[in-house]
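**Q** Sequence first, then the predicted structure:
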Amino acid sequence: MKKLFSMAIALLALLGLSSSNIFSQGFNSVTSPDGIYVVAVGDNGLMYRSSNGGSSWAGYTLSGVDFKDVTSYGDNIWFTGANGSVYKTLKNNSPVTSSSVSGASTLNGVYFLDNSIGFICGADGKVYKSVDGGDNWSPSSTGIPGTLNLRAISFKDANNGVVVGDAGVIYTTANGGTSWTSASSPVSNNLLDVKYYTDGYIAVGEYGTLVLKPTSSAFDVIDTKIKTDIRGVTGLTMDAARICGGGGFIRNNVSSPNFYRFEMNPMMADLVDIHYSSGIIGYAVSSLNKAIIKTSNGGTSWSLTGGTSVSFQWQQKVNPSPSGIGNTLCPHPTNRDAMYVVYGTTVYISWDRGENWAVVGTISGGGSTHSFYVSPVDTNIWIAATTGGTDRVTRSTNYGATWTTVVSRNFSNYGQPLEMDQNDPNYFYFAPDGGDFYVSSNGGANFSIVSNYNFRSPCDIIVKWGDSQTIIVGDGVTGSGQAQFIKSTNGGVNWTVSRNAGASEIPSMCNTVFAPEVMYGTEWSGGTVYRTTNSGTNWDVASNNGQSGWASDICREDPTMILTGSYGSNVWLSTNNGVSFPSIQNGISGSGAGMIVPERGYLLDMRTSALYKLQISYDVITTVEELTVSTNIPDAYSLQQNYPNPFNPSTKIRYDIAKNGIVKLTVYDQLGRQVSELVNGTKNAGTYEVEFNGSNLASGIYFYKLEVPGQTFTKKMILVK
């Protein structure tokens, strides 16, 4: 049984402002058959369409259905629903048809080989096949257990296909879906998307799961070095594939088999789908907002489409007493949503990505904690460097219930002199004031001096990813006028000054697993941000913001994003690999302490007196926001009075269409000049409501006209500002 819905695109008028923030509903999937016509779909019947490559968008709502996946071929667009139906439309102005699939519940994935042959998959191990362009569907899941939840499906030709789902399941067919065989998947995490190329397929999933299966060789499970989900995969060839996910990363394997090439983009929220319509044009969407991003140069750069703007606001999450300094932010080793922070000696934990915090422990002995770690080897082991009374490194083996002092040495009262080796978390390094460098090889249980280098007052330590022999110390003394980067290439035995900075201290340094030779460092009281691209041998100026620098971090899932702070109320964020650092200071106050960027959309700034989280909001201007009010066939054509009237700046116009045909709805001023075109295209019989926004017009009298076959209707409305 088919149901008809009409969605005409009107892309010429500036109508309807729809705003979405980081917690609002967005899209699940996007497609474009040619790079010009684009369709994105989401929950609650959300659908956006563009006929000009994303320069403007028309937004529609079909209530009562969650759209899960969308695909295209030629002029046709298909998308699946959580209600067990498949929807079809044309890429241009056209109705949407709905076909229910017998026996189907939630349908997750859809793929069409051409304009006739297509496949869908979903819950209960269901796969269906169509040979008539999606009008009718037949079961095609022989060999697949009915207990599986299938997420995505893809074919390379009429015979060879692959379907993936929860618990890492992968099934393949070599006979056009007549029967399926388990591919003995090498992973157990839920797989969320798959793409079949001419020479193999790529599957992606939760917790950074990335699996390659070349036709002529065994599975290759890629170490993506992230904990976030990979949700989308696209690309024209297997060696030029793109993946997206997490807080907004896009990665490819062009000359990088581990997908360590990152495509710079402005999205700071999860990316759930990506679609390249050619070798250079691609689109990607988030489930958390209605912003759609586009590349026109093969991923060299991405930009927001359709009049989209973004704003930043820091929100205070912890108001501690006493205050704190150093950098005590520490991610939970096994729970990607959990984070620790210490103020004074009070340990706080958040289980929901920094939204809410609770006290979970206290470090004994009083004072102010500057460094804090929870061991990935055993989360019962906590280790901290704390000043006050006796400066000390202390350790707990029972989740902070009791503490033992391991080392007693004075250290900087503003830096973080203790560091865990990310390559081997059994190793810790400690650099106190007045010389000496300590190393522990047993999780901080005890330390020994490995060198007597004459450090003055070390502020921070970093260890190179993949090479624990390379260690950098940021040294400096308040008022000295000579901060230093000091490097060791033999695990801290010998040291060499690699740069004398003009300021007094190097309070923070950061590095990334994706480019181990790249590191950043800040200076106090100067405003220079330094960068090295050769593992700390040479340091160059990356930026100069004119304010005393403090904390810094490189995004843990995307090295093109770098966050730096000041010992004042300002923060700078680069999303273009350090080329520029615009300020994002709205809502933040106090002096900087530490910061961490687990994901592109998850940024925390530890101030001395409060902890802040960055909230990101996207505003998307759409040319029309139209709702299908009813598909019942009206007795006659009609145009109703707008409401409210007078209005400022928006009003709604409802109209009835008695027969299928061309419909045009326009707005004119008193001189008869057209100021807006709301609808212009084919519509099916039904009742519709469109929102008109006159924010770009002057106060006055306007007329709106409905043109249908053989009839014209006109009414007056008043804009009062």
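**A** Now that the structure is in, tell me what you want to look at. Numbers count the residues shown, from 1 in each chain.
**Q** All the strands of the stretch 301-450 of the chain, in order from the start?
**A** Applying DSSP state E, counting those that start in this stretch to the stretch 301-450 of the chain gives strands spanning 303-304, 309-318, 330-331, 339-343, 346-350, 358-362, 368-374, 382-387, 392-396, 404-408, 418-420, 428-430, 437-440, 448-451.
**Q** out of those strands, which comes closest to residue 515?
**A** strand 418-420 (19.3 Å; CB to CB). (Glycine included, C-beta is placed from N, CA and C.)
**Q** So what touches the closest one?
**A** 370-371, 373, 375, 383-385, 393, 427-430, 460-463 (CB atoms under 8 Å, 6 or more residues apart in numbering).
**Q** for the stretch 451-600 of the chain, which spans come out with low pLDDT?
**A** In the prediction, the stretch 451-600 of the chain carries no residues with pLDDT under 70.
**Q** repeat for the stretch 601-721 of the chain
**A** For the stretch 601-721 of the chain, applying pLDDT under 70 flags the ranges 623-631.
**Q** give me that answer again for 80
**A** In the predicted model, the stretch 601-721 of the chain carries pLDDT under 80 at residues 621-631, 680-684.
**Q** Can you name every helix or strand that the helix or strand containing residue 714 contacts?
**A** Per DSSP states H and E, residue 714 falls inside strand 711-719. The contact analysis (3 or more CB pairs under 8 Å, 6 or more residues apart in numbering; DSSP states H and E) places strand 711-719 against strand 638-639, strand 700-708.
**Q** Sheet partners, orientation included, of the shortest one?
**A** Okay, so that is strand 638-639. Here strand 638-639 has these sheet partners by DSSP bridges: strand 650-657 (antiparallel).
**Q** Render the CA-only coordinates of the strand it pairs with in CSV, please.
**A** Only the C-alpha atoms of strand 650-657 are listed here, as CSV (Å, rounded to 0.1, in the frame of the first residue of the first chain):
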residue,chain,number,x,y,z
SER,A,650,7.0,35.4,10.7
THR,A,651,3.6,34.1,9.9
LYS,A,652,2.0,30.8,8.7
ILE,A,653,0.0,30.3,5.5
ARG,A,654,-2.2,27.3,5.0
TYR,A,655,-3.7,26.2,1.7
ASP,A,656,-5.7,23.3,0.2
ILE,A,657,-4.9,21.4,-3.0
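**Q** relative to strand 711-719, how tilted is it?
**A** With axes from the mean of the first three to the mean of the last three CA atoms, to 10 degrees defining the directions, strand 650-657 sits at 170 degrees from strand 711-719.
**Q** centre of the chain versus strand 650-657, how much separation?
**A** Counting by CA atoms, centre = their mean, to the nearest Å, strand 650-657 is centred 36 Å from the centre of its parent chain.
**Q** Quick one: closest of the helices and strands packed on strand 711-719 to residue 545.
**A** Nearest to residue 545 among these is strand 700-708 (47.2 Å), distances taken as CB to CB.
**Q** Can you tell me what sits against that closest one?
**A** With contacts defined as CB under 8 Å, 6+ apart, strand 700-708 is touched by 637, 639, 642, 653, 655, 657-658, 661-670, 675, 678, 692, 694, 712-719.
**Q** helix/strand/coil for residue 167?
**A** helix (DSSP: H, G, I helix; E, B strand; the rest coil).
**Q** hang on, it packs against residue 188?
**A** Yes: in this structure, residue 167 is within contact of residue 188 by CB atoms under 8 Å, at 6.0 Å.
**Q** I'd like to know how many residues surround the residue nearest to residue 83 when sequence neighbours are not counted.
**A** Among residues not flanking residue 83 along the chain, residue 65 sits closest, at 5.0 Å (CB to CB, 6 or more residues apart in numbering). The local packing of residue 65 (other CB atoms under 10 Å) involves 20 other residues.
**Q** distance of residue 65 from residue 270?
**A** Separation of residue 65 from residue 270 (CB to CB, to the nearest Å): 22 Å.
**Q** so the residue nearest to residue 83 is in which element?
**A** Counting by DSSP H and E, residue 65 is found in no helix or strand.
**Q** Buried among the contacts of strand 700-708? Make that a ChimeraX selection.
**A** Buried subset of the contacts of strand 700-708, written as a ChimeraX selection, criterion 16 or more other CB atoms under 10 Å:
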select :637,639,642,653,655,657,658,663,664,665,666,667,669,675,678,692,694,713,715,717,719
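**Q** Buried residues, stretch 98-118. List them.
**A** Result for stretch 98-118 [16+ other CB under 10 Å]: buried residues 98-99, 101, 104, 106-113, 117-118.
**Q** That stretch: how far from the chain's middle?
**A** Chain-centre distance of stretch 98-118: 28 Å, with CA atoms, centre = their mean.
**Q** can you tell me the distance between the two ends of it?
**A** Stretch 98-118 stretches 15 Å from its first residue to its last (CA to CA, to the nearest Å).
**Q** quick one on the thing from earlier: next, the angle strand 700-708 makes with the strand holding residue 714.
**A** Going by the same axes, to 10 degrees, strand 711-719 makes 160 degrees with strand 700-708.
**Q** wouldn't residue 109 be in contact with residue 70 here?
**A** No: taking CB under 8 Å as the definition, residue 109 is not a contact partner of residue 70, at 10.3 Å.
**Q** joint contacts of these two?
**A** Contacts common to residue 109 and residue 70, judged by CB under 8 Å, 6+ apart, are residue 80.
**Q** Who is residue 488 paired with across the strands?
**A** residue 471.
**Q** surely it meets residue 467?
**A** No: if you go by CB under 8 Å, residue 488 and residue 467 don't touch, sitting 11.2 Å apart.
**Q** More neighbours: those two, which one.
**A** For residue 488 versus residue 467, neighbours defined as other CB under 10 Å are more numerous around residue 488 (22 against 14).
**Q** Quick check: the gap between the more buried one and residue 460.
**A** 14 Å.
**Q** circling back to that earlier point, out of the strands of the stretch 301-450 of the chain, which comes closest to residue 244?
**A** Of the strands of the stretch 301-450 of the chain, nearest to residue 244 by CB to CB is strand 303-304, at 15.4 Å.
**Q** list the helices and strands that closest one packs on?
**A** strand 292-295.
**Q** Can you name every helix or strand that the strand it packs on contacts?
**A** Using 3+ CB pairs under 8 Å, 6+ apart, strand 292-295 sits against strand 282-285, strand 303-304.
**Q** Save those strands as JSON lines, and put in distance to residue 275, mean neighbour count and mean pLDDT too.
**A** Formatted as JSON lines, the helices and strands packed on strand 292-295 follow (distance: least, CB to CB, whole Å; neighbours: other CB atoms under 10 Å; pLDDT from 0 to 100):
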{"stretch": "strand 282-285", "distance to residue 275": "5", "mean neighbour count": "28", "mean pLDDT": "98"}
{"stretch": "strand 303-304", "distance to residue 275": "16", "mean neighbour count": "15", "mean pLDDT": "97"}
